[in-house]
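> sequence first, predicted coordinates after that:
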Amino acid sequence: MKQIIENVKQTIAQKTMLWVYPIVRELQKYHYSLAIQWAIECIQIYSSEIKSDKFPKLNKYIQQAMGEQNLLTPLKCNEIGLEIWYLPEREEIQTAIARLWWSISAFKDEEDHLGIMETTAAVELVLPDISDHHLLDRYLEVALRIYEEYESQN
């Protein structure tokens, strides 16, 4: 994982799109819930940095993703994503949370590539400026922590 993060840093330095993809793909190899956990934590970090009037209303969907994702069908996850998508005056964080739910739906349907792409989109949406090293470094630290916690338990 450390090598993947180093490669990602080089990708970002070159301002390449889809910098999130290798991290999501690596986390998903162990279990898709690790990729989802990373996306959730990135969204939470981003929400603590921005001042959005919408986030308090959207936070219930984050809490639901953390608590109920294993209990819901792919169809229900997709419906939640659509509900979020069509809330009025969509912002990046709203779009990211909708994509998070679509990634859960895709992973549950064993459509791993689609799940990886939706998770990638969700995280990239909450780092609109890849030169923002304050956020970027926090996201990378979280990915490494999630991976290391998983490794220490298995």
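Done, it's in. Numbers count the residues shown, from 1 in each chain.

> state the helix or strand in which the residue nearest the centre of the chain lies.
Residue closest to the average C-alpha location in the chain (C-alpha atoms, centre = their mean): Ala39, at 2.1 Å. According to DSSP states H and E, Ala39 maps onto helix 32-49.

> then Ala122?
Ala122 belongs to helix 112-125, assigned by DSSP H and E.

> what helices or strands is that helix leaning on?
Helices and strands touching helix 112-125, by 3 or more C-beta pairs under 8 Å, 6 or more residues apart in numbering; DSSP states H and E, are helix 21-30, helix 32-49, helix 92-108. C-beta: built from backbone N, CA, C; applies to glycine.

> for the helix or strand just after it, the averaged confidence score.
Reading on from helix 112-125 to the C-terminus, the next helix or strand found by DSSP H and E is helix 133-153. Average pLDDT, helix 133-153: 92.

> before we move on, what about stretch 88-102?
Averaged over stretch 88-102, pLDDT sits at 93.

> contacts for that stretch next, please.
Contact with stretch 88-102 is made by 36, 39-40, 43, 46-47, 50, 52, 54-55, 58, 61-62, 65, 77-78, 80-82, 84-85, 87, 118-119, 121-123, 125-126, 128, as judged by C-beta atoms under 8 Å, 6 or more residues apart in numbering.
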